[in-house]
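>>> Return a 3D structure for these sequence lines:
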Amino acid sequence: MPGGRLTQPERQQIALGLADGLAYAEIARRLERPTSTITREVMRNGGPTGYRADLAHRATEHRAHRRKPAAPRGTSAAPQPHGRDAEAVRAYEETFTTVMMASGMPKMMARVMAALTLADAGSLTASELAERLQVSPASISKAVSFLDSQDLVRRERDDRRRERYSVDDDVWYQSMMASARALAQIVETAREGVTVFGARTPTGNRLENVARFLDFVSETTTRAAEQARAILHTKAPTTDEASDGTATAPGGSGSS
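Numbering: from 1, shown residues only. Down below sits the predicted model:
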């Protein structure tokens with residue numbers, strides 16, 4: 001599988017693939033590149049509807065020229081815990097952020113979410129986030145307020161009375177439940193509209209269809225989140241367990 005930066009011909013192939021409606025995974029397969037490379041490339045350069053090969057290539061060259069010079073001899077990046085490859089970690093954090101942005105999350109909120117999720121402790125203070133992301137405390141505060149409103153982070157105080165922001169296994173469940181509640185509110189509002197506009201009118205009929213559709217989605221989301229919650233608290237199988245079929249599914253047993 002080729003490595004290094006994408007070439008201009010490869011970017012042209014990406015643009016053609018997007019125009020043909022191909023998924024990122026298929027474009028990546030044809031170019032023999034990781035899917036994350038294609039996802040990151042597209043989202044950094046206009047998204048699937050705004051991607052232009054020539055503009056993307058120029059933007060990448062421009063970013064390369066703006067990068068800081070290499071650190072003076074004798075200095076190096078802080079070592080990563082658990083023997084991790086620092087460059088691989090940096091690239092993955094960028095990919096994670098890009099995927100969060102593709103889901104609709106604003107850039108700074110996505111960066112904060114990625115930083116918290118990928119920190120071994122699962123929590124960081126505002127100052128730690130600001131230093132890690134090289135942004136102002138005000139930017140961190142705004143991002144955390146947004147994530148908090150979506151039930152994606154928790155606020156807590158550590159033993160030094162500093163506010164820490166954390167993510168845990170349950171945070172995705174809480175976020176899904178918040179999403180289901182928001183949909184339920186839209187359902188209620190849509191049904192109020194049916195009364196206002198009249199059930200037999202085009203607008204009333206449209207609002208009733210919206211209500212029925214989102215009511216189903218909300219109920220299905222709630223049910224699925226409740227059923228899947230156990231997964232968040234189940235230890236993932238080891239490689240050996242997965243290969244010999246002894247892994248235990250939530251609510252099940254490892255043998256027949």
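>>> Let me know the outermost residue of this structure.
In the chain, the greatest distance from the average C-alpha position (CA atoms, centre = their mean) is reached by Arg200, at 41.8 Å.
>>> how's this protein carved up into domains?
Listed by automatic domain parsing, the domain ranges of the chain are 8-59, 103-166, 171-232.
>>> now do the same end-to-end measure for the last one.
So that's domain 171-232. In domain 171-232, first residue to last residue: 10 Å (CA to CA, to the nearest Å).
>>> pLDDT (mean, whole number) over it?
Averaged over domain 171-232, pLDDT sits at 92.
>>> quick one, what contacts the residue positioned nearest the centre of the chain?
With distances taken as CA atoms, centre = their mean, Met100 lies nearest the centre of the chain, 2.5 Å away. Met100 sits next to 109-110, 113-114 when contact means CB atoms under 8 Å, 6 or more residues apart in numbering. For glycine as for every other residue, the C-beta is placed from the backbone atoms N, C-alpha and C.
>>> Shouldn't Tyr165 be within a strand?
Yes: the assignment for Tyr165 is a strand, going by DSSP: H, G, I helix; E, B strand; the rest coil.
>>> ok, now which ones touch it?
112, 116, 123-126, 129, 144, 147, 153-155.
>>> what would the residues you listed look like in TSV with neighbour count and secondary structure?
Formatted as TSV, the contacts of Tyr165 follow (neighbours: other CB atoms under 10 Å; DSSP: H, G, I helix; E, B strand; the rest coil):
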residue	neighbour count	secondary structure
Val112	31	helix
Leu116	24	helix
Ser123	18	strand
Leu124	21	strand
Thr125	15	strand
Ala126	17	helix
Leu129	23	helix
Val144	22	helix
Leu147	23	helix
Val153	27	coil
Arg154	18	strand
Arg155	12	strand
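>>> now, which of the contacts of Met100 sits nearest Arg5?
Using CB to CB, Ala114 comes nearest to Arg5 of those, at 22.2 Å.
>>> Return the backbone torsion pair for Leu22.
Backbone torsions for Leu22, taken as degrees, to the nearest 10, come to phi -70, psi 150.
>>> burial measure for it, as a count.
Using other CB atoms under 10 Å, Leu22 has 17 other residues around it.
>>> From Arg206, how far out is the residue farthest from the centre of the chain?
When distance is defined by CB to CB, to the nearest Å, Arg200 is 12 Å away from Arg206.
>>> what do you get for Leu22?
33 Å.
>>> and if you look at Leu18?
Between Leu18 and Arg206 the computed distance is 32 Å (CB to CB).
>>> more crowded one of the two?
Comparing Leu18 with Arg206 by other CB under 10 Å, the one with more neighbours is Leu18, at 21 against 14.
>>> check which helix or strand covers the more buried one.
helix 8-19 (DSSP states H and E).
>>> before we move on, back to that, next, the residue farthest from the centre of the chain: secondary structure please.
coil.
>>> list the contacts for it?
By CB under 8 Å, 6+ apart, no residues touch Arg200.
>>> which phi and psi does it have?
Backbone geometry at Arg200, expressed as degrees, to the nearest 10, gives phi -100, psi 10.
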